[in-house]
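**Q** Sequence and predicted model, in that order:
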Amino acid sequence: MTFNLFPCPVEVIPNAVTDLEIFYLKKKIKDIKHLHHQTIKGNGFSTHNPHETYPLLSDDIHVKLQSMVDDYNMKVGNVPSLIQYVWSNIQHKNSILKEHCHPQSLVSGALYINVDKDCKIYFHNPNPYIYFTPKDKVTPYNMEHQFLKVANGTLILFPSWLRHGKDDEVNTMDDRIVISFNAL
């Protein structure tokens, strides 16, 4: 019998926002000045700034996403957490989202606003010794990372400590837009 002892709960919620909400969010994001950020290599920009926040989400969208965070927390046994910090990223062709995590929060979310059919998010195995383990074959137990394909409107919720991004995955489209948030 096999026991999955240390799963990482990653929730995929397709169509978390409507096409109309995506239109609203895209317009709002385009009106905000984005700057270079260390997690995006190349031609990409972000509003991520711990000293300034932007009201990206309407009250309705915020409430909807908070409800999804509440459901996730209940499902995985977390204490309740509130969406506290929201930012947007715009990546252009040949940019790279570097591997990183979100310290000092419980749950992180990525809401995909403008992506193509090849868009994905990579998650890295939290076992620090996985890279030193000899492998006879690749299985879900010894993979160094896995990816999830995403589409417009998809929300991904995950533990903030889970490393994501990939230092060698090159974005192939212009205006790849993602809204990210942390819940504390």
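**A** Structure's in. What do you need?
**Q** doesn't K75 fall inside a helix?
**A** Yes - per DSSP: H, G, I helix; E, B strand; the rest coil, K75 lies within a helix segment.
**Q** mind starting the numbering at 368 from now?
**A** Shifting the count to begin at 368 puts that one at K442.
**Q** Spit out the contact partners of it.
**A** By Cβ atoms under 8 Å, 6 or more residues apart in numbering, the residues touching K442 are P376, E378. C-beta coordinates here come from the backbone N, C-alpha and C atoms, glycine included.
**Q** Quick one, grab the pLDDT at it.
**A** Reported pLDDT at K442 in the predicted model: 95.
**Q** Same check on H467?
**A** Per-residue pLDDT puts H467 at 97.
**Q** How about the secondary structure of the nearest residue to F548 once chain neighbours are set aside?
**A** Spatial nearest neighbour of F548, excluding adjacent residues (Cβ to Cβ, 6 or more residues apart in numbering): V453 at 4.4 Å. Under the three-state scheme (three-state DSSP), V453 adopts strand.
**Q** Could I get the phi/psi values of the residue nearest the centre of the chain?
**A** In the chain, the centroid-proximal residue (Cα atoms, centre = their mean) is A477; its distance is 3.3 Å. Note on A477: backbone dihedrals following degrees, to the nearest 10 are phi -130, psi 120.
**Q** Setting aside sequence neighbours, what's the nearest residue to it?
**A** The nearest residue in space to A477 (Cβ to Cβ, 6+ apart) is I523, at 4.7 Å.
**Q** In this protein, what residue spans correspond to helices?
**A** For the chain, the helices defined by DSSP state H occupy 386-397, 426-443.
**Q** Leaving out chain neighbours, which residue sits closest to F412?
**A** F412's closest residue in space is H401 (Cβ to Cβ, 6+ apart), at 3.4 Å.
**Q** Report the separation between that neighbour and S475.
**A** 19 Å (Cβ to Cβ, to the nearest Å).
**Q** And V453, by the same measure?
**A** 11 Å.
**Q** How about T521?
**A** In terms of Cβ to Cβ, T521 sits 14 Å off from S475.
**Q** what's S448 in contact with, if anything?
**A** Per Cβ under 8 Å, 6+ apart, neighbours of S448: V436, N440, S472, L473, V474, A550, L551.
**Q** Number of residues surrounding the closest residue to it other than its chain neighbours?
**A** Spatial nearest neighbour of S448, chain neighbours left out: A550 (4.0 Å); criterion: Cβ to Cβ, 6+ apart. Number of residues near A550 (other Cβ atoms under 10 Å) recorded here: 24.
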